[in-house]
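In: everything below, folded, please.
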Amino acid sequence: MEKKKNKKNKIDKEVSELKEKSETKQKKEVVLSKKEEKKEKSKEISKASASKKNNNNNEEKKVSWNPFTKEGQYSIKVWFQGLKSELCKIIWPTKPQLIVYTIVVLVTLVSVSVYLFFLGKIFEWLFKGAGIV
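Out: I've put the predicted structure just below:
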């Protein structure tokens, strides 16, 4: 009797495991299909927005860059406002960083100068040996 119960319990466990596996596969398939749908929608949206931008670019009125007109003065004002906001976003280096960067630049400058000097001397020696110079 106990053997039958054990077999039945084992079979029930296997059935429940199979059900769980099939459910997880179904969930994965649903998730993958949703991701594919999102990709297709985003592609459609990007195509639509690109075509709208092209249409809008053709329809936009041209802005005058003449500083002596009202439109030109407005555009210059907007440009300086944008410049100010961009300058506020700059992250300036600290003093130790600045020192390190300066040393790196100077070392690079000296090493390239020495390399080019010796390269020039080698070519000069080769050309003198060949009788070209």
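
In: for the helix or strand that contains Ser42, the averaged confidence score.
Out: In the assignment (DSSP states H and E), Ser42 maps to helix 2-59. Helix 2-59 comes out with an average pLDDT of 70.

In: could you report the neighbour count for Lys84?
Out: Other residues near Lys84 come to 9 when the count uses other Cβ atoms under 10 Å. C-beta: built from backbone N, CA, C; applies to glycine.

In: centre of the chain to whatever helix or strand it lives in, how far?
Out: Assigned by DSSP H and E, Lys84 belongs to helix 70-88. Going by Cα atoms, centre = their mean, to the nearest Å, the spacing between the C-alpha centre of helix 70-88 and its chain's C-alpha centre is 27 Å.

In: in it, what counts as buried?
Out: For helix 70-88, the neighbour count (16 or more other Cβ atoms under 10 Å) marks Ser75 as buried.

In: quick check: next helix or strand after that helix?
Out: Downstream of helix 70-88, the first helix or strand assigned by DSSP H and E is helix 95-130.

In: could you list the domains of this protein?
Out: 1-60, 62-90, 92-133 (automatic domain parsing).

In: so what's Trp92 scoring on pLDDT?
Out: 90.

In: residues near it, how many?
Out: Residues contacting Trp92 under the criterion other Cβ under 10 Å number 6.

In: phi first, then psi, for it.
Out: Dihedral angles phi and psi of Trp92 (degrees, to the nearest 10) take the values phi -80, psi 140.

In: how close does it get to Leu109?
Out: Taking Cβ to Cβ, to the nearest Å as the criterion, Trp92 is separated from Leu109 by 23 Å.
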